[in-house]
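Enquirer: After the sequence you'll find the predicted model.
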Amino acid sequence: MLKIENLQASINDKSILKGLNLEVKAGEVHAIMGPNGAGKSTLANIIAGKEEYEVTNGTIELNGEDIRELAPEERAHNGVFLSFQYPVEIPGVSVTNFIKTAINETRKAKGLEDMPAKDMLKMIREKSELLEIDRKFLSRSLNEGFSGGEKKRNEIFQMAMLEPKLAILDETDSGLDIDALRIVANGVNKLKSKDNAVIVITHYQRLLDYIVPDFVHVLHNGKIVKSGDASLALELEAKGYDWIKQELV
Amino acid sequence: MSKYTEDDLREELKTKEYEYGFYTDIESETFAKGLNEDVVRAISKKKNEPQWMTDWRIEAFRVWEQMEEPEWANVHYEKPKFQDIAYYSAPKEKPKLNSLDEVDPELLDTFKRLGISLDEQKKLANVAVDIVMDSVSVATTFKKTLGEKGIIFMPISEAIQEHPELVKKYLGTVVPTKDNFYAALNSAVFSDGSFCYIPKGVRCPMELSTYFRINEGGTGQFERTLVVADKGSYVSYLEGCTAPSRDENQLHAAVVELVAMDDAEIKYSTVQNWYPGNAEGKGGVYNFVTKRGICENNAKISWTQVETGSAVTWKYPSCILKGNNSVGEFYSIAVTNNHQQADTGTKMIHLGKNTKSTIISKGISAGHSQNSYRGLVQINSRAENARNFSQCDSLLMGNACGAHTFPYIEVKNKSAQIEHEATTSKIGEDQLFYCNQRGIDTEKAIALIVNGFSKEVLNKLPMEFAVEAQKLLEISLEGSVG
């Protein structure tokens, strides 16, 4: 699904990723952990195509296609979804209107007609139930005045609606209380299939109790320095990142 | 990465062409350029006006001659040369028309290109249209249906002939000839416009609509609109404006007067898309308009406007809340791009007791444009328990444009409650990236954000107009891709 080789990237001439390799196959869940400033969010943004970052070397392939030259919306049309760490507010645009536009723009890019209103409503109803989202919530302005938990739940709702091939969850657990965490994690688990893949970016082991990863990678100083199975996350939780740093010395 | 950046966007906004910039080759009869008493008399004579009307015009002309052009607005432009303008232009073929089939096909084609197919409007939208093309009303539809209810809706030139008592009674009562420089000019030379009268207790069964369009080069358009809603009546009036692209600046100085008697309600909606000039700021319409309404007891006037056109706009639709419990509303979206300048807002004059006014203004600036809100809320000493709520929001696109807010509040009664809120925001890279990531390209994203920003005002427009307005917003801001 996703194949990243020797990825080097910088922002404002400051080098952030320094030769990163990662391969994610369909049906897999990967967790990327690491201390602040390791480059976790940079990686997420670069896969999604944020323009401020300059890819200086390496390749990013999605289903065998090099996506480095694609605009963010084209990557989205190809099935890349990023759950933002800090979702932005768009006043006056309702959650429903936004997701409807997103779905229909994606369909348009694929040469399809707009989704019939009836199907859209049905899908909205199903997915909002899955994430225990109140109907009133859907008519509110996107992220405006949302609590941290509501914002994250809304991100996962959009993910559920867009049915991406590759979902990247950037610190989706931050700002969530334990109940919201459970709901969001359940949502993600239900959406998982053998045809899609999930990358979970997190500081803490907490979320991984609910979304159990097949692989855990530790990102430090722009590189993946250690990979393992779910037990690596527990080890990190117990020993802290200093343990990795010392090991590297 | 072949990414659509904000720079690309700015580039594209610059080169966005005016969609309505075609010129209709209909033979016109145009007066020689210049203005003096003889021209005023000639206009009046051309229209077979009664003596009182001619005198009224002459008096206005004499007042105008003594007046100075106002300079207080936050706009900069080369002043029109008033002796270089032709003050009358009418399509030559001017038969009385009973149906659209009789209208000049080229004219119909013009309307089609404007996206306002008359046939369609007639059939689908249930809209009565009075079209003013370069000053003279060409076709009035639905007259019969309206006639049955006693509603008068006709070109003001005809109303002067057919209902002189009504016109004489109300013309100039809300906007006196001496009111300001452009109102005086309009009073002297107005060539046509619309007149509407709704009898006591009648609810007008359809939206009344007028389309204005400036066609002939070097002409000024001076329409005069007078809407009188008698006691307990209701009317919703729509006005749309476009002009072809021209290098020289065209002058548009209209006057609109609304009279809402006891318990009456007037809803007046405008979509203004006069030619804004090209990307370098050459050409475009000077839009200097005086719009004002007066409310008697328990009456209500709502102004809703979507302004995307004109090189320079100077316009303050206002309400005089004379009667007790009367209500004034102003909902506005003003979009400026390239080198456009707009100084627009409203005046809410509270005279009666328990009067209420609401002002919602949304300014959107792009390119090198300057967008100003200027509003006056005046509570007079006898206006007990007056209330006003004002909200002025500005949205900026890029770094070269400006948004300004000039609120004036004058309160002479202690029981007044006034609220004023203002915000300024910018369409952020983060917002655009967020939309892009969800598969929405930058153009569509801007349309979405702008529509969201303008929603409170768009919601106030009648349905048929709201769709058109939304489309206009997209055209004005999005560029030519797609």
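Expert: Happy to help now that I have it. Numbering: from 1, shown residues only, chains lettered A, B, ... in the order given.
Enquirer: centroid residue for chain A?
Expert: Closest to where the C-alpha atoms of chain A average out (Cα atoms, centre = their mean) is residue A:168, at 1.9 Å.
Enquirer: if I pick it, what's in contact with it?
Expert: A:44, A:47, A:48, A:80, A:81, A:82, A:83, A:198, A:199, A:201 (Cβ atoms under 8 Å, 6 or more residues apart in numbering or on different chains). Every C-beta, even on glycine, is put in place using the N, C-alpha and C of the backbone.
Enquirer: The second one is in what secondary structure piece?
Expert: Mapping residue A:47 onto the secondary structure by DSSP states H and E places it in helix A:40-48.
Enquirer: re earlier: tell me which of the contacts of residue A:168 fall in helices.
Expert: Judged by DSSP state H, helices contain the following of the contacts of residue A:168: A:44, A:47, A:48.
Enquirer: Within reach of chain B, which of the residues you listed are there?
Expert: residue A:48 (Cβ under 8 Å from any Cβ of the partner chain).
Enquirer: Once you drop chain neighbours, what's closest to the residue of chain A found nearest chain B?
Expert: Across chain A, no residue is closer to chain B than residue A:92, which sits at 3.0 Å (Cβ to the nearest Cβ). Residue nearest to residue A:92 in three dimensions, not counting chain neighbours: residue B:452, with 3.0 Å by Cβ to Cβ, 6 or more residues apart in numbering or on different chains.
Enquirer: Would you mind giving me the confidence score for that neighbour?
Expert: The model reports residue B:452 with a pLDDT of 91.
Enquirer: now the next helix or strand after the helix holding residue A:47, how far from the centre of its chain.
Expert: Per DSSP H and E, the first helix or strand lying C-terminal to helix A:40-48 is strand A:54-62. With Cα atoms, centre = their mean, to the nearest Å as the basis, the distance from the averaged C-alpha position of strand A:54-62 to the chain average is 18 Å.
Enquirer: what lines up beside strand A:54-62 in the sheet?
Expert: Here strand A:54-62 has these sheet partners by DSSP bridges: strand A:2-11 (antiparallel), strand A:65-66 (antiparallel).
Enquirer: Switch those over to JSON lines; also include mean pLDDT, distance to residue B:147 and mean neighbour count.
Expert: Converted to JSON lines, those look like this (pLDDT from 0 to 100; distance: least, Cβ to Cβ, whole Å; neighbours: other Cβ atoms under 10 Å in any protein chain shown):
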{"stretch": "strand A:2-11", "mean pLDDT": "95", "distance to residue B:147": "70", "mean neighbour count": "18"}
{"stretch": "strand A:65-66", "mean pLDDT": "92", "distance to residue B:147": "67", "mean neighbour count": "10"}
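Enquirer: Make CSV out of those strands and add distance to residue B:442.
Expert: Output for the strands paired with strand A:54-62, formatted as CSV (distance: least, Cβ to Cβ, whole Å):
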stretch, distance to residue B:442
strand A:2-11, 21
strand A:65-66, 22
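Enquirer: still on that earlier bit, tell me which element the residue nearest to residue A:92 is part of?
Expert: helix B:442-458.
Enquirer: And for residue B:150?
Expert: Using DSSP H and E, residue B:150 falls outside every helix and strand.
Enquirer: and residue B:384, which of the three is it?
Expert: coil (DSSP: H, G, I helix; E, B strand; the rest coil).
Enquirer: CA-only coordinates of stretch A:96-114 in CSV, if you can.
Expert: Provided in CSV are the C-alpha atoms of stretch A:96-114 (Å, rounded to 0.1, in the frame of the first residue of the first chain):
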residue,chain,number,x,y,z
THR,A,96,-22.9,17.7,7.0
ASN,A,97,-22.2,20.3,4.2
PHE,A,98,-18.5,19.8,4.5
ILE,A,99,-18.5,16.0,4.3
LYS,A,100,-21.0,16.1,1.5
THR,A,101,-18.7,18.4,-0.5
ALA,A,102,-15.7,16.3,0.3
ILE,A,103,-17.4,13.1,-0.9
ASN,A,104,-18.8,14.6,-4.0
GLU,A,105,-15.6,16.3,-5.0
THR,A,106,-13.8,12.9,-4.6
ARG,A,107,-16.5,11.3,-6.7
LYS,A,108,-16.2,14.0,-9.3
ALA,A,109,-12.5,13.4,-9.5
LYS,A,110,-13.3,9.8,-10.3
GLY,A,111,-15.8,10.8,-13.0
LEU,A,112,-18.8,9.8,-10.8
GLU,A,113,-22.1,11.7,-10.3
ASP,A,114,-22.9,13.3,-7.0
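Enquirer: In that stretch, which residues are buried?
Expert: Buried residues in stretch A:96-114, counted by 16 or more other Cβ atoms under 10 Å in any protein chain shown: A:96, A:97, A:98, A:99, A:100, A:101, A:102, A:103, A:104, A:105, A:106.
Enquirer: thought the last one was touching residue B:439?
Expert: It stands for residue A:106. Yes. Residue A:106 sits in contact with residue B:439 when judged by Cβ atoms under 8 Å, with a separation of 4.0 Å.
Enquirer: Quick check: neighbours shared by these two?
Expert: A:76, A:77, A:162.
Enquirer: residues contacting the first one?
Expert: Spelled out, that is residue A:76. A:48, A:106, A:162, A:164, B:436, B:437, B:438, B:439.
Enquirer: If we use 6 Å, what do you get?
Expert: B:437, B:439 (Cβ atoms under 6 Å, 6 or more residues apart in numbering or on different chains).
Enquirer: One more: residue B:253?
Expert: By Cβ under 6 Å, 6+ apart, the residues touching residue B:253 are B:182, B:185, B:186, B:222, B:288.
Enquirer: Quick check: helices, which of these are part of them?
Expert: B:182, B:185, B:186.
Enquirer: Leaving out the residues flanking it, which one is nearest to the second one?
Expert: Nearest residue to residue B:185 in three dimensions, chain neighbours excluded: residue B:64, at 5.1 Å (Cβ to Cβ, 6+ apart).
Enquirer: what's in contact with the host helix or strand of that neighbour?
Expert: Residue B:64 is part of helix B:51-66 when elements are defined by DSSP H and E. Helix B:51-66 is touched from outside by B:40, B:44, B:160, B:177, B:178, B:184, B:185, B:187, B:188, with contacts defined as Cβ under 6 Å, 6+ apart.
Enquirer: will you turn these into CSV that also has pLDDT?
Expert: Listed next are the contacts of helix B:51-66 as CSV, based on pLDDT from 0 to 100:
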residue, pLDDT
B:40, 88
B:44, 88
B:160, 92
B:177, 89
B:178, 88
B:184, 93
B:185, 91
B:187, 92
B:188, 91
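Enquirer: top of those by neighbour count?
Expert: Across the contacts of helix B:51-66, neighbour numbers were computed from other Cβ atoms under 10 Å in any protein chain shown; residue B:185 holds the maximum, 29 neighbours.
Enquirer: That residue and chain A, how far apart?
Expert: 39 Å (Cβ to the nearest Cβ, to the nearest Å).
Enquirer: Chain A: helices as residue ranges?
Expert: Using DSSP H, helices in chain A cover A:40-48, A:72-77, A:95-109, A:117-130, A:135-138, A:148-162, A:178-191, A:230-239, A:241-248.
Enquirer: Report the angle between the first one and strand A:54-62.
Expert: In other words, helix A:40-48. Helix A:40-48 and strand A:54-62 are oriented at 60 degrees to each other (axes from the mean of the first three to the mean of the last three Cα atoms, to 10 degrees).
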